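make a model of this:
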Amino acid sequence: MVVEAEIAKLRKFQEFLRTDDKLVFQDLLNQCKLYAPYASTMVSTIKEVPLFFSMLFGQHKKIIELEKRILMLETLATRPETIVSPQPSHRPAEKLEASIAQTN
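Now for the predicted structure:
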C-alpha cells in the first residue's frame with residue numbers, strides 16, 4: 001500500500017511529461033513495483049528511499065544487460081569472417097549466441 005501511495009504522488013510528475021517521456025517514466029515506475037518488495041527490507045526513516053533504490057537497481061540491472069550485449073556484438077564485429085549456419089531461431093540473442101559458439 002505504501003508503494004502504491006508513493007507511486008500515485010509520482011504520477012503527478014508524469015502528467016506533465018511529453019508522450020515519449022511518459023512511457024519512459026512508466027517503465028521506471030514498473031521497475032519500482034518489481035523490486036519494491038525487496039527494497040522494503042531496508043531500514044529507512046524516509047519512506048521514499050526504498051522506492052528510489054528499487055528504481056535505481058532496476059536501471060542498473062538493465063545497464064549491465066546492455067553492456068553484455070554490446071560486448072558480445074563487439075566480439076562478433078572484431079572476428080574475421082564469422083560463418084553462421086542457418087538454424088531456426090526465435091530470438092536475435094539466440095542467433096548471436098549460436099554464431100559465437102560456431103566461431104569458438
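
so what pLDDT did the residue nearest to the spatial centre of the chain get?
In the chain, the residue lying closest to the centroid (Cα atoms, centre = their mean) is Lys62, at 3.0 Å. Looking at Lys62, its pLDDT is 94.

point out where this structure drops to low pLDDT.
1, 81-104 (pLDDT under 70).

packing partners for the single longest helix found in the chain?
Longest helix in the chain by number of residues, with DSSP state H as the criterion: helix 48-78. Contact partners of helix 48-78 among helices and strands, from 3 or more Cβ pairs under 8 Å, 6 or more residues apart in numbering; DSSP states H and E: helix 2-15, helix 19-39, helix 92-103. In short, each C-beta sits where N, CA and C put it, glycine included.

turn the ones you listed into TSV, including distance to Leu56 and mean neighbour count.
Listed next are the helices and strands packed on helix 48-78 as TSV, based on distance: least, Cβ to Cβ, whole Å; neighbours: other Cβ atoms under 10 Å:
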stretch	distance to Leu56	mean neighbour count
helix 2-15	14	12
helix 19-39	9	14
helix 92-103	25	13
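
dump those helices to a markdown table, plus distance to Ala77.
What follows is the helices and strands packed on helix 48-78, written out as a markdown table (distance: least, Cβ to Cβ, whole Å):
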| stretch | distance to Ala77 |
| --- | --- |
| helix 2-15 | 38 |
| helix 19-39 | 29 |
| helix 92-103 | 11 |
